[in-house]
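Asker: Return a 3D structure for these sequence lines:
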Amino acid sequence: MKLFALLSLVAIVAAAPQAAQRPKQNAEEVQLLRFDSDNDGLGSYNFAFEQSDGTKKEEQGELRNAGTDEEFVAMKGSYSWLGPDNVLYTITYTADENGFNPTIEQGPGGAVPPGVVASLLG
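Answerer: From the prediction side, this is the model:
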């Protein structure tokens, strides 16, 4: 039965639609498509960029507890890139008094969801 489940999983993965293949760009060919930056000089800022290879980053920061021993810059943002497996990976995060807290997302073309694997293996 486990062999059947494993073979079924392999068949599902093989039959899954493949993401469209984009031609890879050499590092020298990657172009900056967008760059925005704003810094008020008082601890608040935001910036963003996007490149021709699909890489993107956005971040905002603000000064908290200004003028105290507990002063820090709280940040939130995201970055994403197209992996060599042609899957879009995105990390959304906050960084504040609670530390760095990322959420990792994987776009179409990625791995089989854990629930599917578990149901196939019984």
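Asker: gap between residue 94 and residue 88?
Answerer: 21 Å (C-beta to C-beta, to the nearest Å). (Glycine included, C-beta is placed from N, CA and C.)
Asker: same check, this time on residue 106
Answerer: From residue 106 to residue 88 the distance is 8 Å (C-beta to C-beta).
Asker: Those two: who's more crowded?
Answerer: residue 88 (17 against 13; other C-beta atoms under 10 Å).
Asker: Spell out the residue ranges of the strands in the chain.
Answerer: 32-39, 45-51, 56-64, 72-82, 88-96, 99-106 (DSSP state E).
Asker: mind putting the ones you listed in CSV, distance to residue 119 and mean pLDDT included?
Answerer: Shown next, in CSV, are these (distance: least, C-beta to C-beta, whole Å; pLDDT from 0 to 100):
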stretch, distance to residue 119, mean pLDDT
strand 32-39, 42, 97
strand 45-51, 39, 98
strand 56-64, 34, 97
strand 72-82, 30, 96
strand 88-96, 25, 96
strand 99-106, 20, 93
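Asker: can you redo those as a markdown table with distance to residue 26?
Answerer: Formatted as a markdown table, the strands of the chain follow (distance: least, C-beta to C-beta, whole Å):
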| stretch | distance to residue 26 |
| --- | --- |
| strand 32-39 | 15 |
| strand 45-51 | 13 |
| strand 56-64 | 19 |
| strand 72-82 | 14 |
| strand 88-96 | 20 |
| strand 99-106 | 25 |
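Asker: Now do the end-to-end distance for stretch 76-95.
Answerer: 6 Å (C-alpha to C-alpha, to the nearest Å).
Asker: Sounds good, over and out.
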